[in-house]
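Trainee: Test case, fold it:
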Amino acid sequence: MSHLEKIEMVCLDYLANSSDPWVPFSGLYAKCKEVLGESIVEKEIFEFILHHSEIRVFNTISIIHPEFERYLSERGIKLEPFVILRSRMPKESDLMRWMINHIENLIKILEKDQNTSIHGERKAKIEELVQKANKLKRKISFYLENNSKDHRDVYPST
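Mentor: Sure, this is the predicted structure:
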């Protein structure tokens, strides 16, 4: 069995059998290291899964505003890619609801931090981030209400 075949076997098995279909990349990489040995390189695993036809990678880092990424980093919140088997992908409407839920949790964290912040400039930056998060939430909600096939099946137009 080739090296890439071993990587594929470990990745597909782990993703298929994880209790949560959304697997943080760090968990997948840890499993690869455990099974394949300490010499396995993180970049090698990431490049492999990124181009695998049965695996979907959601790289949240690439869609985040640099200022917001800095804000999270200062608080010790690590964003990382999530990996999922295409066969375990949720329906579009479930994915949209999942995104809205995470945005709402983020807004709560930001608002809590905003309420404890005493610096005017810092409060203003946090308020700007809250507004951007709310705008994104509204866009996703609008899309869900108007474009989701699942939504149209439940609420057919008359």
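Trainee: alpha carbons only for contacts and neighbour counts from here, please
Mentor: OK.
Trainee: the strands in this structure, which residues?
Mentor: Along the chain, counting by DSSP state E, strands occupy 23-24, 55-58, 82-85.
Trainee: how does the chain divide into domains?
Mentor: Structural domains assigned to the chain are 1-64+77-89, 90-153, following automatic domain parsing.
Trainee: Which pLDDT value does the model give Pro21?
Mentor: pLDDT for Pro21: 89.
Trainee: Please apply the same query to Leu36.
Mentor: Leu36 carries a pLDDT value of 94.
Trainee: so where's this protein uncertain?
Mentor: 60-68, 76-78, 117, 148-158 (pLDDT under 70).
Trainee: What are the boundaries of the helices in it?
Mentor: Counting by DSSP state H, the chain has these helices, from start to end: 3-17, 25-36, 42-50, 66-74, 92-116, 120-147, 149-154.
Trainee: how about stretch 36-55 as PDB, C-alpha atoms only?
Mentor: The C-alpha coordinates for stretch 36-55 follow below in PDB (Å, rounded to 0.1, in the frame of the first residue of the first chain):
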ATOM      1  CA  LEU A  36       0.800   6.800  10.500                       C
ATOM      2  CA  GLY A  37       3.500   8.000  12.800                       C
ATOM      3  CA  GLU A  38       5.000  11.300  14.000                       C
ATOM      4  CA  SER A  39       6.800  11.900  10.700                       C
ATOM      5  CA  ILE A  40       3.600  12.700   8.900                       C
ATOM      6  CA  VAL A  41       3.500  16.400   7.800                       C
ATOM      7  CA  GLU A  42       0.500  18.600   8.500                       C
ATOM      8  CA  LYS A  43       0.700  20.300   5.100                       C
ATOM      9  CA  GLU A  44       0.800  16.900   3.300                       C
ATOM     10  CA  ILE A  45      -2.400  15.800   5.000                       C
ATOM     11  CA  PHE A  46      -4.100  19.200   4.300                       C
ATOM     12  CA  GLU A  47      -3.100  19.200   0.600                       C
ATOM     13  CA  PHE A  48      -4.300  15.600   0.200                       C
ATOM     14  CA  ILE A  49      -7.800  16.200   1.700                       C
ATOM     15  CA  LEU A  50      -8.100  19.600  -0.100                       C
ATOM     16  CA  HIS A  51      -8.000  17.800  -3.500                       C
ATOM     17  CA  HIS A  52      -9.800  14.600  -2.600                       C
ATOM     18  CA  SER A  53     -13.100  14.000  -4.400                       C
ATOM     19  CA  GLU A  54     -14.900  12.500  -1.400                       C
ATOM     20  CA  ILE A  55     -13.800  15.100   1.100                       C
END
